[in-house]
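Asks: requesting a structural model of the entry that follows:
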Amino acid sequence: MTTIRLTMAQALVRFLDAQYVSIDGEETKFLRGVMGIFGHGNVTGIGEALEYSPGELTLIQGKNEQGMVHAAAAFAKQNNRTQIYACTSSIGPGALNMVTAAATATVNRIPVLLLPGDNFASRQPDPVLQQLEVAADYTVSATDSFKAVSKYWDRVVRPEQLMSAALQAMRVLTDPAETGAVTLALPQDVQTEAYDYPEAFFCKRVHYIDRRPPAPEAVQRAAALLGSKKRPLIIAGGGVLYASAVGELREFAETFGIPVAETQAGKSVLPWNHPLNVGAVGVTGTLAANRLAKEADVIIGVGTRYSDFTTSSKSAFANEDVHFININVSTLDAAKWGGAALTGDAKAGLRLLAEALRVSGYASSYADDEIAVLKKEWDAEVDRLFALEDDRGLAQTRVLGVIQQTIDPSAVIVCAAGSLPGDLHRLWRPVEPKTYHMEYGFSCMGYEVSGAFGAALAARKEGRDVYAIVGDGSYFMLHSELITSLQEGVKITILLLDNHGFQCIHNLQRGHGSEGFGNEFRYRDASTGRLTGSYMPIDFAAHARSLGAAAYKANSAEELEQALIQAKREQRSTLIEIPVVPGTNTDGYESWWNVGVPETSVSDKVLKAHEVMKQQIRSARTI
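Replies: Predicted structure coming up:
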């Protein structure tokens, strides 16, 4: 057996460089490169390997460990999970900074490979700088924190263990049902230890992602159930996009006359103006979709995990006779709501279910103009909100209207947290798939700028513009990868809506009995001791310029339109600061979100809000 003597880190880099995936006969190199921040836990191990023996892998220098993992996840998401970046960090704080982003990737079923440094396996020296000492269990280190947020976790304490660990990592990363964050904790001494690895370990390896069809019996059960129903509603999730099943979904809906509602991850599966696209569903849903959901007698969930925002905390489906059909590669998601589970690929599942329904001649029983009337009413509401004027300044919905009307239809928008996801889910009008990039599985503040960089890395081969739409609160949380975008010459445009704080949660507070507390960016009032003074004036445009970006400020709709036109002409990353009036986001539309309200309080408003919540809970389902 021919062997090659390499350090464990050198062997890992060479192995990763030889991994490919194949879907529908199309072969793609799986790892584009590594995003990293070097420290004493990885600089002399993986750092040396990437410096002298990178193969075709490119190093992208991150500026914050959480930010670079968000960027890697966004890159994989925009590529429908067919390509990834690995992420490497030092031990201790550097590693722990990746945990939040690891959870974000896992919740969203997005593959990311994390390679944090770890304590010396030899325990010499002991304790090493940044080591976490657990007196009761000396095998525990900071990287154990990744166990709860990883789909696969391993610690490579001998160089030969790399071979099984790397293959297991690839198994999970390329599994549509099990993918998420994969963590290989790498002790810093083991990274530098050499071993005679079999040459075969480094041969090109193709991982075939086969489409898994649901069982024929499951298809027949689902077809029989659907055949007995008159008012079906499709809820399209991100799995439709990841399975490249957009065409199959459209044909299925058109063939059987079934309206399509979209989750945050599924938005853009159909053009907004398609006759059967009733838009967003749930807490951030449209009036059209939410009314149809209340009356539906069967929900066909395709590639959705049924989060509480999708189901309006289990209150969205009011028909007592409603049943569920779930097409999903994950058995966890396919079994939800006690549904008829078609466990398998979305594209294959839709095709097989369509074939079974054609045999029976199935068609929905909606009135001829019922869906069209609901769509027309909602379209008029969006037009109203996009044109909404406010004497105090720019309304948030007006800002989104100007952005929608000005940027290219092929542009990608990226968002994640705050009030913007609700408005975008309801109001944004995509005409092309993959132009709406929302991280709302974890709703992780700080994803927006990093995610835009990752999405732009993926989208530049198509020549698409990428926009991060972000509030001031999320921007403060994490904007470090703006610098990386400038360093790499990968342009992003940041549309920063400044509403003076965490206004989404401020609104949630006030809607449940609070007077508003601790959520706006105000100075502390000396007389009350609370943060109720004047708003803090912050020049975001000047801050962006100080980092090397181009920047504009838009105080009116006209200025915003011109700034967007100018930003498109810029060759470097650009920020547009847009002051908006707090509280001018959308809300309601016959939806509800259960957040819990105190049962006892000195505030009458809180007690009244608790009573309202109890009434809502009674109307929600319990399974």
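Asks: tell me, how many residues neighbour Gly257?
Replies: 16 (other Cβ atoms under 10 Å). Yep, even glycine has a C-beta here, placed from its N, CA and C like the rest.
Asks: hmm, Ala363 and it touching each other?
Replies: Yes - at 5.5 Å, Gly257 counts as touching Ala363 under the criterion of Cβ atoms under 8 Å.
Asks: quick one: the one residue sitting closest to the centre of the chain and Ala346, what's the gap?
Replies: The centroid of the chain falls nearest to Glu439 when counting by Cα atoms, centre = their mean (2.4 Å). For Glu439, the distance to Ala346 equals 20 Å [Cβ to Cβ, to the nearest Å].
Asks: about what we covered before: what's near enough to touch the nearest residue to the residue nearest to the centre of the chain once chain neighbours are set aside?
Replies: Distances taken as Cβ to Cβ, 6 or more residues apart in numbering put Ala416 closest to Glu439, at 4.2 Å, once the chain neighbours are dropped. Residues near Ala416 by Cβ atoms under 8 Å, 6 or more residues apart in numbering: Met438, Glu439, Tyr440, Ser443, Cys444, Met445, Gly446, Tyr447, Glu448, Gly451, Val470, Ser474.
Asks: narrow these to those in strands?
Replies: Judged by DSSP state E, these include Met438, Val470 as members of strands.
Asks: nearest to Gly55, of the contacts of Ala416?
Replies: Gly451 (27.0 Å; Cβ to Cβ).
Asks: and the closest one, what does it touch?
Replies: With Cβ under 8 Å, 6+ apart, Gly451 has these contacts: His70, Ala71, Ala73, Ala74, Val414, Ala416, His437, Glu439, Ala468.
Asks: looking at those residues, which is nearest Ile565?
Replies: Ala468 (18.1 Å).
Asks: which helix or strand contains Gln405?
Replies: helix 396-406 (DSSP states H and E).
Asks: which strands and helices lie in contact with that helix?
Replies: helix 370-386, helix 420-427, strand 466-471, strand 493-498, helix 557-569 (3 or more Cβ pairs under 8 Å, 6 or more residues apart in numbering; DSSP states H and E).
Asks: of those, which is nearest Gln404?
Replies: Taking the helices and strands packed on helix 396-406 one by one with Cβ to Cβ, helix 370-386 is closest: 6.8 Å.
Asks: how about the closest one: buried residues?
Replies: Residues of helix 370-386 classed as buried: Ile371, Leu374, Lys375, Trp378, Asp379, Glu381, Val382, Leu385, Phe386 (neighbour count, 16 or more other Cβ atoms under 10 Å).
Asks: next, format the residues you listed as a markdown table and append pLDDT.
Replies: What follows is the buried residues of helix 370-386, written out as a markdown table (pLDDT from 0 to 100):
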| residue | pLDDT |
| --- | --- |
| Ile371 | 97 |
| Leu374 | 97 |
| Lys375 | 97 |
| Trp378 | 97 |
| Asp379 | 97 |
| Glu381 | 97 |
| Val382 | 97 |
| Leu385 | 97 |
| Phe386 | 97 |
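Asks: okay, domains of the protein per the record?
Replies: 3-208, 216-374, 387-500+536-579 (automatic domain parsing).
Asks: what about the shortest one, start to end distance?
Replies: Translated: domain 387-500+536-579. One end of domain 387-500+536-579 sits 17 Å from the other (Cα to Cα, to the nearest Å).
Asks: please renumber so the chain begins at 418
Replies: That works, and once the first residue is 418, the last one we named lands at domain 804-917+953-996.
Asks: any idea how far His923 is from Ala812?
Replies: 16 Å.
Asks: just give the nearest non-adjacent residue to Ala682, would you?
Replies: Per Cβ to Cβ, 6+ apart, closest to Ala682 is Gly655, 2.9 Å.
Asks: what sits against the one you found?
Replies: Counting by Cβ under 8 Å, 6+ apart, the residues that Gly655 touches are Asn525, Arg526, Thr680, Ala682, Gly683, Gly720, Thr721.
Asks: ditto for Gln548
Replies: So Gln548 contacts Ile508, Gly509, Asn536, Ser558, Ala559 (Cβ under 8 Å, 6+ apart).
Asks: tell me the pLDDT at the last one?
Replies: I take that to be Ala559. Note on Ala559: pLDDT of 95.
Asks: leaving out sequence neighbours, find the closest residue to it.
Replies: Leu549 (4.6 Å).
Asks: would you agree the one you found is in contact with Thr556?
Replies: No - using Cβ under 8 Å, Leu549 is not in contact with Thr556; the gap is 11.3 Å.
Asks: which one's more surrounded, the two?
Replies: More crowded of Leu549 and Thr556, by other Cβ under 10 Å: Leu549, with 16 against 9.
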